[in-house]
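> A structural model of the following input is requested.
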Amino acid sequence: MKKRIGQVDGEGLESLLGEHVTLWCECYIYAGKLIGVNTHDVLLEDAKIVYETGPLTEPGFKDAQALPGPWYVRTAKIESYGRMK
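Numbering: from 1, shown residues only. I've put the predicted structure just below:
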């Protein structure tokens with residue numbers, strides 16, 4: 001990411017490696033531990049697809065279904081992301 005102070009490495013998705021994240025994508029919401037990041041994909045461990053969040057201020061999702069094994073998500077489909085639930 002470029003900022004007025006110059007280029008900063010290890011920011012964005014890379015800074016969240018090893019953390020539990022939620023990815024808000026074009027069509028779906030995914031959650032899990034971020035264990036890999038490259039140009040085209042991110043890799044989630046203990047991944048879930050979220051069908052209903054429930055109140056965002058409460059712990060856990062109202063309806064999140066576990067996905068089998070590690071799960072890849074295309075970075076081009078991610079609209080926003082961060083540490084959540």
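> confidence-wise, which helix or strand of the chain is lowest on average?
Here the helix or strand of the chain ranked lowest by mean pLDDT, DSSP states H and E is strand 2-3, holding a mean of 45.
> what helix or strand is the residue nearest in space to the middle of the chain located in?
Closest to where the C-alpha atoms of the chain average out (Cα atoms, centre = their mean) is L23, at 3.4 Å. In the assignment (DSSP states H and E), L23 maps to strand 20-25.
> and the helix or strand just after that strand, average pLDDT?
Later in the chain than strand 20-25, the nearest helix or strand by DSSP H and E is strand 29-37. For strand 29-37, the mean pLDDT works out to 96.
> again, but for stretch 61-73
Rounded mean pLDDT across stretch 61-73 is 96.
> what residues of it count as buried?
For stretch 61-73, the neighbour count (16 or more other Cβ atoms under 10 Å) marks 61, 64, 71, 73 as buried. All C-beta atoms are positioned from the backbone trio N, CA, C, and that covers glycine.
> secondary structure element holding the first one?
Element membership of F61 [criterion: DSSP H and E] is none; it lies in no helix or strand.
> so who does it touch?
Applying Cβ atoms under 8 Å, 6 or more residues apart in numbering to F61 gives the contacts 31, 48, 50, 52-54, 85.
> and the least confident of those residues?
Lowest confidence among those: K85, with 75.
> residues near that one, how many?
17 (other Cβ atoms under 10 Å).
> mind checking the SS state of S15?
helix (DSSP: H, G, I helix; E, B strand; the rest coil).
> pLDDT score assigned to it?
92.
> quick check: angle from the strand holding L23 to strand 29-37?
110 degrees (axes from the mean of the first three to the mean of the last three Cα atoms, to 10 degrees).
> for strand 20-25, what does the pLDDT average out to?
So the average pLDDT for strand 20-25 ends up being 97.
> mind listing the strands it pairs with, and their directions?
According to DSSP bridges, strand 20-25 forms sheet pairs with strand 29-37 (antiparallel), strand 78-82 (antiparallel).
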